[in-house]
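Asks: kindly generate the corresponding structure for this input.
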Amino acid sequence: MTMLFLPLSYAAYTLDRSGVPFATRRRWVLEHGPLMLGYGGTAFVLFLVPGLNFLFLPVLVSSGTLLALRYPPAASARSPSER
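Replies: Numbers count the residues shown, from 1 in each chain. All right, here's what the predicted structure looks like:
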């Protein structure tokens, strides 16, 4: 479960700015399951190693932004103000 929460957390900055509702974000994570599990699993392992969690925090935020930009949630599910 943590492995699916981490991509949701680190892509939240970009998705908040885009105005994507939380229900759409949850659906987005579940639709891209293997990709999100890979990202979340990598982030989880990095957090287990002392010291690496602080060094890789900016990398995880940047990669979460790239994840949200390369695989955006469905445009039809965005809020009406974003259309």
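
Asks: how much space between residue 58 and residue 72?
Replies: Distance, residue 58 to residue 72, using Cβ to Cβ, to the nearest Å: 22 Å. Every C-beta, even on glycine, is put in place using the N, C-alpha and C of the backbone.

Asks: again with residue 51
Replies: 33 Å.

Asks: the two - which one has more neighbours?
Replies: Ranked by neighbour count (other Cβ atoms under 10 Å), residue 51 and residue 72 place residue 72 first, with 15 against 7.

Asks: so who does that one touch?
Replies: The contact partners of residue 72, taken as Cβ atoms under 8 Å, 6 or more residues apart in numbering, are residue 18.

Asks: run the chain-centre distance for the helix or strand harbouring residue 15.
Replies: For residue 15, the element it lies in under DSSP states H and E is helix 12-18. From the chain centre to the centre of helix 12-18 is a distance of 10 Å (Cα atoms, centre = their mean, to the nearest Å).

Asks: report the rounded mean pLDDT for it.
Replies: Confidence over helix 12-18 (mean pLDDT, whole number) is 91.

Asks: dump that helix to CSV, restricted to CA.
Replies: Written as CSV, here are the backbone C-alpha positions of helix 12-18 (Å, rounded to 0.1, in the frame of the first residue of the first chain):
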residue,chain,number,x,y,z
ALA,A,12,0.8,15.8,-5.8
TYR,A,13,2.6,19.1,-6.3
THR,A,14,2.1,19.0,-10.0
LEU,A,15,-1.4,17.6,-9.9
ASP,A,16,-2.4,20.2,-7.3
ARG,A,17,-1.2,23.0,-9.5
SER,A,18,-3.2,21.4,-12.4
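
Asks: following it in sequence, what is the next regular element?
Replies: Later in the chain than helix 12-18, the nearest helix or strand by DSSP H and E is helix 22-31.

Asks: ok, residue 69 touching residue 14?
Replies: Yes. Counting by Cβ atoms under 8 Å, residue 14 is a contact partner of residue 69 at 6.6 Å.

Asks: which one of those two has more residues nearby?
Replies: residue 14 (17 against 11).

Asks: so what's the nearest residue to that one once chain neighbours are set aside up against?
Replies: Leaving aside its sequence neighbours, residue 14 sits nearest to residue 68 (Cβ to Cβ, 6 or more residues apart in numbering; 4.1 Å). By Cβ under 8 Å, 6+ apart, the contact list for residue 68 reads 11, 14, 15, 18.
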